Structure formats: C-alpha cells, structure tokens
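>>> Could you work out the structure for the sequence below:
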Amino acid sequence: MARERLGEDEIAQRLAGLHGAWRGSAEALARSIEFADFLTAVDFVNRLAPRCEELDHHPDLALRWRWVDVSLSTHSAGGVTALDFQLAQIVDELAAELPLAQ
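Residues are numbered from 1 along each chain as shown. Take a look at the predicted model:
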C-alpha cells in the first residue's frame, strides 16, 4: 500500500534510484533545488501544486529567492511511504524542465 511507512533499508534503496540530490530518513525526504532565478522558482511551485492535488499528497515547500526546499513525508503514516517517492519523481521531472542555476 502506498501509505505504509517504509523501512530504512528500502528508503536507502529507493533514494539511490532518484535523479535529484535527495537525502532522507524514515521521517522525511528532502531536496533543495536552485533555479536560474526567482520567477523560475515560483514557476516550479506553480507547476508542482496541481500534481500534488492530483495525488492528494502535499509537500512542505520553502521558497527562498531562487531556491525551493522540498520536504516529503506522509504525515498520516508518521514517515516516508511509497507515495513520497512517487512525488519525489514528479519533483525531479518538473525541475528538469526548468532552467537551473549555473
């Protein structure tokens, strides 16, 4: 089931399969993305929001100038689930479509 909490070993294995610079533990997955500029960072958040709604899974996001910090955790499960990895892949795909900092 997508909302069952994953163990440390499975989290480590799945982290290795992600393309972005993710770090994680049993509590949460996290990634910071530096975009080319502020407007691109805002565009990323605007593109991500509807995808989160589709999954009914909402990350913690922090927007700082051209940086977006993403933290994923399934609060109802008390930690990381397969759903968080599904959303991490979406984050990676959307970030790859936009210009990043040089």
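
>>> Now stretch 81-100: buried residues?
Thr81, Ala82, Leu83, Asp84, Phe85, Leu87, Ala88, Ile90, Val91, Asp92, Leu94, Ala95 (16 or more other Cβ atoms under 10 Å). Where you see a C-beta, it was placed from the backbone N, CA and C, and this is true even at glycine.

>>> before we move on, what about stretch 4-19?
Of the residues in stretch 4-19, those buried (16+ other Cβ under 10 Å) are Arg5, Leu6, Ile11, Arg14, Leu15, Leu18.

>>> end to end, how far does it reach?
23 Å (Cα to Cα, to the nearest Å).

>>> can you list the residues that contact that stretch?
By Cβ atoms under 8 Å, 6 or more residues apart in numbering, the list of residues contacting stretch 4-19 from outside reads 22-26, 29, 74, 77-82, 85, 88-89, 92, 96.

>>> can you give me the strands for this protein?
Taking DSSP state E as the criterion, the chain carries its strands at 23-24, 29-34, 60-64, 67-72.

>>> What's the separation between the most centrally placed residue in the chain and Ala21?
Closest residue to the average C-alpha location of the chain: Ala88 at 3.9 Å, with Cα atoms, centre = their mean. Note on Ala88: its distance to Ala21, by Cβ to Cβ, to the nearest Å, is 11 Å.
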